[in-house]
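Chemist: pasting the structure only:
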């Protein structure tokens, strides 16, 4: 099995487990050093982790509790200016946190489509939608760096929360986002993700760290360059804050900084 395929299978395995257990031992949050460290005693509820990365507790209380898994690194809906009647696509939608938050804003005249490649997550999200009567949402299976299962030029807004760094080809993913957005400045992308001060060589990648959104991260410059190569000309950093620092194996090496960024790009 080649490396990209192996990584993808590990991602499905890890997030499939999170869907089943509810991520009750959530520990990843800004300035925490416990991601990937199973010996850590620092544990937070998914609700607390979501608040720490920018979600409003009052709005979280208006969506299904089991859709809040605490696995994001920001809150793209905070910057998205979602309007009634909008068509929104959420990439890596998980159990549906951002889909349901957006659904409450687009109302019945709008639609929110969640895309995920993990069957357990899709099952959980669909159960949440049915149980709580969301008729303006849909969850589709898809690999976002291969083909997003959405029509060309059809989407007002694409959102994503700490998922694109899990892909092995960021540029392919951004090209797919560009494809589905409405043209002439009507379609925009608002994403939260992690970038790094130093990229990891492919031969040094740790699969657990990749699944924890660390080893797959690009530098901010390369991340933005991937967005521009996909066709976007208007790229803006909306928010930026230190997420964590990682000790390197060698004592003389500087700590690797992982930074959470929220980015906006418009399809002209």
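Modeler: Yep, it's here. Everything numeric here is computed off the predicted structure, so don't read it as measured data.

Chemist: quick one, helices of this structure?
Modeler: Applying DSSP state H to the chain gives helices spanning 3-21, 46-52, 57-60, 97-106, 119-131, 170-180, 207-211, 220-229.

Chemist: Comparing those by mean pLDDT, which bottoms out?
Modeler: Least confident of the helices of the chain, judged by mean pLDDT, is helix 207-211 with a mean of 56.

Chemist: Could you report the pLDDT at residue 43?
Modeler: 56.

Chemist: Which residue lies nearest the spatial centre of this protein?
Modeler: When the chain is reduced to its mean C-alpha position, the nearest residue by CA atoms, centre = their mean turns out to be residue 161, at 2.4 Å.

Chemist: So that residue is in contact with residue 79, correct?
Modeler: No - assessed by CB atoms under 8 Å, residue 161 is found out of contact with residue 79, at 11.6 Å. For every residue, glycine as well, the C-beta is placed using N, CA and C.

Chemist: overlap in contacts of those two?
Modeler: Any residue near both residue 161 and residue 79 by CB atoms under 8 Å, 6 or more residues apart in numbering counts here, and not one turns up.

Chemist: Which stretches in the stretch 151-268 of the chain count as strands?
Modeler: Listed in chain order, the strands of the stretch 151-268 of the chain (DSSP state E, counting those that start in this stretch) span 157-161, 187-196, 234-246, 256-267.

Chemist: and among these, the most buried is which?
Modeler: Highest mean neighbour count of the strands of the stretch 151-268 of the chain: strand 157-161, a mean of 28 (counted as mean count of other CB atoms under 10 Å).

Chemist: what's it in contact with?
Modeler: Strand 157-161 is contacted from outside by 72-77, 80, 82, 86-92, 97-98, 102, 177, 180-181, 187-193, using CB under 8 Å, 6+ apart.

Chemist: how far off strand 187-196 does it point, in degrees?
Modeler: Put simply, strand 157-161 runs at 20 degrees to strand 187-196, going by axes from the mean of the first three to the mean of the last three CA atoms, to 10 degrees.

Chemist: Now do the contacts for the closest residue to residue 141 other than its chain neighbours.
Modeler: If the residues on either side of it in the chain are set aside, residue 141 comes closest to residue 122, at 6.0 Å by CB to CB, 6 or more residues apart in numbering. Listed by CB under 8 Å, 6+ apart, the contact set of residue 122 reads 114, 116, 139, 140, 141.

Chemist: how much space between the closest residue to residue 234 other than its chain neighbours and residue 132?
Modeler: Spatially, and ignoring its direct neighbours in sequence, residue 234 is nearest to residue 266 (4.5 Å; CB to CB, 6+ apart). Distance, residue 266 to residue 132, by CB to CB, to the nearest Å: 32 Å.

Chemist: picking that back up, please, a ChimeraX command that selects the buried ones among the contacts of residue 122?
Modeler: Here the buried members of these are turned into a ChimeraX selection, burial being counted by 16 or more other CB atoms under 10 Å:
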select :114,116,139
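
Chemist: Give me the neighbour count for residue 102.
Modeler: For residue 102, the number of neighbouring residues by other CB atoms under 10 Å comes to 29.

Chemist: Please read the previous query as pertaining to residue 186.
Modeler: The number of residues near residue 186, taken as other CB under 10 Å, comes to 14.
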